[in-house]
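Colleague: output the structure for:
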Amino acid sequence: MEGLYQQTNKQVHEVQSYMGRLETSDKESVHLVENEIQARIDNIFSNLERLEILSSKEPPNKRQSAKLRVDQLKYDVQHLQTALRNFQHRRYLREQQERQREELLARTFTTNGTHKKILDVANMLGLSNTVMRLIEKRAFQDKFLMLGGMAVTCLIMFLVVQYLT
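Modeller: Below you'll find the model as predicted:
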């Protein structure tokens with residue numbers, strides 16, 4: 001039992017060092033390191049099952065301390081498993097955010113599509129292309145008429161203020 005315990009404890013420390021390497025690995029090799037860590041954790045769990053069986057077969061005076069040592073290893077491995085899951089979850093969220101960012105950057109935004117909507121509504125109402133062109137030309141002319149009217153109004157207000165005060 002002691003040899004298996006030492007071997008399992010050594011594997012736990014190796015997984016801890018792999019977890020440190022996981023943080024510094026690049027995007028291409030991160031999956032390989034994750035798979036290696038998961039395989040080692042699975043191997044440790046199988047060793048822990050054997051250790052539990054062996055600890056129950058220990059003499060009564062050593063049984064309690066053997067169970068405590070196995071439980072401590074199990075606790076450490078569960079924390080490593082949780083740390084691996086947290087890392088994978090953070091990596092997944094980061095990749096998802098990068099994908100969403102790329103989608104937003106690739107999307108073409110239009111400034112107010114009301115002109116197109118108006119043309120679509122006019123087509124549905126059955127207005128001909130000639131009538132729609134006349135409406136667009138009139139809207140263009142109305143814009144200049146409005147700007148000219150605003151300028152004349154401002155000039156009149158300026159003259160009224162200038163000469164009546």
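
Colleague: low-confidence ranges in this structure?
Modeller: Scanning the chain for pLDDT under 70 picks out 109-113.

Colleague: for it, just list every one of the helices.
Modeller: Here the chain has its helices, by DSSP state H, at 2-24, 30-56, 60-106, 114-125, 129-164.

Colleague: of all those helices, which gets the most neighbours per residue?
Modeller: Among the helices of the chain, helix 30-56 has the highest mean neighbour count (mean count of other C-beta atoms under 10 Å), at a mean of 16. Placement of C-beta: from N, CA and C, glycine included.

Colleague: quick one: distance of it to the chain centre.
Modeller: For helix 30-56, the separation from the chain centroid amounts to 30 Å (computed by C-alpha atoms, centre = their mean, to the nearest Å).

Colleague: same thing with stretch 50-63?
Modeller: So, by C-alpha atoms, centre = their mean, the centroid of stretch 50-63 is 47 Å from its chain's centroid.

Colleague: what are the contacting residues of that stretch?
Modeller: Outside stretch 50-63, the residues within contact range by C-beta atoms under 8 Å, 6 or more residues apart in numbering are 1, 4-5, 8, 66-67, 69-70, 73.

Colleague: tell me which of the residues you listed is nearest to residue 46?
Modeller: Proximity to residue 46 was ranked across those by C-beta to C-beta; first place goes to residue 8, at 9.6 Å.

Colleague: what separates that closest one from residue 37, distance-wise?
Modeller: Counting by C-beta to C-beta, to the nearest Å, the gap from residue 8 to residue 37 is 15 Å.
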